[in-house]
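J.: Below are the sequence and a predicted model for it; my questions follow.
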Amino acid sequence: MSHAKNFYAGPSVLPISILEEIQKNMVDYMGSGLSLMETSHRSPEYDEVHMNSLNLIREIYGVPDNFKILFIGGGATMQFSMIPLNFLSGGRSCDFTLTGAWSKKAYNDAIKLGKVNVIFDGKDESYTRLPDPASLKATPGASYFHMTSNETIGGIQWKDWPDTGDVPIICDMSSDIMSRPIPFEKFGMIYAGAQKNLGPSGVAIVIIREDMLEKCNPDITAYLDYRIHAKKDSLYNTPPVFPIYAMSLILQKVKADGGLKSIQNRNEEKSRLIYDTIDKSGNFYKSPVDVSVRSDMNVVFTLDSTDLEKEFIAEAKKRQMVGLKGHVSVGGCRASIYNSLPISDVMALVDFMNEFQKEKS
Ligand code: PMP
């Protein structure tokens with residue numbers, strides 16, 4: 001059976017070589033006589049995997065020494081709660097940029113726990129554009145400035161970052177973490193669910209500046225307190241062992257394949273192939289997104305009618321291309337082309353797009 005070309009938005013594509021390696025080690029992990037999934041998280045075998053994942057993120061992403069890297073269960077949605085619980089208590093306020101469905105979800109949780117200033121809201125333009133980062137000002141005294149680097153549903157991505165002075169940026173990077181280098185000096189914290197660029201679902205990666213830990217609310221329960229995870233190297237409780245193991249294999253592959261810069265180049269090349277096809281199609285395919293902020297991770301496009309879109313998706317499926325349906329809330333089509341998706345799969349999609357257009361025109 002050949003493996004399908006996977007354009008799902010998440011959970012999403014994993015390299016076949018890694019799926020096979022996991023399969024090989026599933027029952028007997030590296031000759032230990034046990035599966036890693038039935039091995040204590042306090043064992044030397046798991047400890048090596050855990051530390052390997054932490055160290056490789058630091059090395060490949062260039063995470064400075066004054067940041068802690070944490071693995072926390074519950075996905076990025078759990079962070080929508082943990083951030084305001086830790087940083088909005090005691091009458092503190094924060095800033096938010098509303099750029100699409102995911103930043104709205106984070107905002108809806110934050111407003112339940114404290115005062116939120118909306119710095120930008122893209123609602124009137126259906127979240128198809130982003131502001132010039134240089135035009136944004138943080139509110140003096142705000143506890144943090146929240147943004148979503150890549151809106152997975154709307155297909156828009158910040159290409160540059162605002163200057164927020166003393167107000168630390170907290171950024172949801174769920175759908176573009178480790179897809180390009182980032183200037184860590186701009187951020188107080190970044191976070192992401194693993195299931196797009198880094199592995200299977202079940203864990204969030206939180207990278208937090210040490211001085212932020214001093215600002216955490218001391219009155220919340222243990223699991224929700226970033227300081228506890230930081231102090232215990234994310235081993236306060238049983239961590240999500242399986243996704244962290246898969247992540248360690250992905251990170252090793254990323255390193256062997258040339259690291260972050262080569263990932264970025266590949267990602268830009270992949271997205272360019274699809275956007276060029278859209279732009280050259282004479283409006284057969286349309287991108288609703290402002291050209292300057294088109295996402296390199298989630299390419300959103302529409303066809304003339306929902307019937308034609310349905311047909312496009314069904315025909316693609318016959319060619320073993322799956323996951324091309326847009327999010328239920330917006331419709332249309334979406335090709336998610338995360339780090340692990342081979343460029344050959346993008347080329348196959350582009351060939352199909354051209355073929356489909358010829359057939360229907
Ligand atoms: N933020 C963004 C940008 C996302 O794309 C997603 C999931 N698609 C989430 C947050 C929520 O992540 P999780 O499902 O891991 O809670």
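T.: Sure, I can see it.
J.: Tell me how many other residues crowd Lys310.
T.: By the measure other Cβ atoms under 10 Å, the count of residues near Lys310 is 13. The way it works is simple: take the backbone N, C-alpha and C, and place the C-beta from them, glycine included.
J.: tell me the mean pLDDT for stretch 247-267?
T.: Predicted confidence along stretch 247-267 averages 97 (mean pLDDT).
J.: Could you do stretch 130-142 as well?
T.: When pLDDT is averaged along stretch 130-142, the result is 98.
J.: Name the helix or strand for Tyr191, please.
T.: Under DSSP states H and E, the secondary-structure element containing Tyr191 is strand 187-193.
J.: Sheet partners, orientation included, of that strand?
T.: Strand 187-193 sits in its sheet next to strand 169-172 (parallel), strand 203-209 (antiparallel), going by DSSP bridges.
J.: So which of those is nearest Ala314?
T.: Comparing those against Ala314 with Cβ to Cβ, the closest turns out to be strand 169-172 (32.9 Å).
J.: any idea how far the ligand is from the closest residue in space to Asn339 that isn't next to it in sequence?
T.: What sits nearest to Asn339 in space, not counting adjacent residues and going by Cβ to Cβ, 6 or more residues apart in numbering, is Asn197, at 4.6 Å. Asn197 sits 11 Å away from the ligand when distances are taken as Cβ to the nearest ligand atom, to the nearest Å.
J.: Surely Asn197 is within a strand?
T.: No. Counting by DSSP: H, G, I helix; E, B strand; the rest coil, Asn197 falls outside a strand, being coil.
J.: wait, it sits on Ile177?
T.: Yes. Asn197 sits in contact with Ile177 when judged by Cβ atoms under 8 Å, with a separation of 5.4 Å.
J.: Give me the buried positions along the strand holding Tyr191.
T.: Going by neighbour count (16 or more other Cβ atoms under 10 Å), the buried part of strand 187-193 is Phe187, Gly188, Met189, Ile190, Tyr191, Ala192, Gly193.
J.: ok, the nearest residue to the second one once chain neighbours are set aside - how many residues close by?
T.: The reference is to Gly188. The shortest distance from Gly188 to any residue that is not its chain neighbour, by Cβ to Cβ, 6+ apart, is 2.4 Å, and that residue is Pro168. If you count neighbours by other Cβ under 10 Å, Pro168 ends up with 23.
J.: quick one: pLDDT of Pro168?
T.: pLDDT, the model's per-residue confidence, is 98 for Pro168.
J.: Distance of it relative to Ile207?
T.: 12 Å (Cβ to Cβ, to the nearest Å).
J.: Next, show the common contact partners of the two.
T.: With contacts defined as Cβ atoms under 8 Å, 6 or more residues apart in numbering, the residues shared by Pro168 and Ile207 are Phe187, Met189.
J.: on that earlier part again, any chance of the strands paired with strand 187-193 in JSON lines, plus distance to Thr39 and mean neighbour count?
T.: As requested, the strands paired with strand 187-193 are arranged in JSON lines below (distance: least, Cβ to Cβ, whole Å; neighbours: other Cβ atoms under 10 Å):
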{"stretch": "strand 169-172", "distance to Thr39": "32", "mean neighbour count": "25"}
{"stretch": "strand 203-209", "distance to Thr39": "17", "mean neighbour count": "25"}
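J.: out of those strands, which comes closest to Ser81?
T.: When the strands paired with strand 187-193 are compared for distance to Ser81 using Cβ to Cβ, the nearest one is strand 203-209, at 11.4 Å.
J.: what packs against the helix or strand following that closest one?
T.: Tracing the chain past strand 203-209, the next element assigned as helix or strand by DSSP H and E is helix 210-213. Judged by 3 or more Cβ pairs under 8 Å, 6 or more residues apart in numbering; DSSP states H and E, the packing partners of helix 210-213 are strand 67-73, strand 187-193, helix 226-231.
J.: coming back round to it: just the closest of the buried residues of strand 187-193 to the ligand, please.
T.: Here the nearest of the buried residues of strand 187-193 to the ligand, counting by Cβ to the nearest ligand atom, is Gly193; it sits at 2.7 Å.
J.: is the closest one in a bridge, and if so with what?
T.: In beta-bridge terms (that is, DSSP bridges), Gly193 pairs with Ala204.
J.: need the contact list for it.
T.: Gly193 makes contacts with Gly10, Gly75, Ala76, Thr77, Ser174, Ser201, Val203, Ala204, as judged by Cβ under 8 Å, 6+ apart.
J.: one more time with 10 Å, if that's ok
T.: With contacts defined as Cβ atoms under 10 Å, 6 or more residues apart in numbering, the neighbours of Gly193 are 10-11, 74-79, 172-175, 177, 199, 201-205, 243.
J.: Output those of those residues also counted as contacts of the ligand.
T.: Gly10, Gly75, Ala76, Thr77, Asp172, Ser174, Ser175 (Cβ under 6 Å from any ligand atom).
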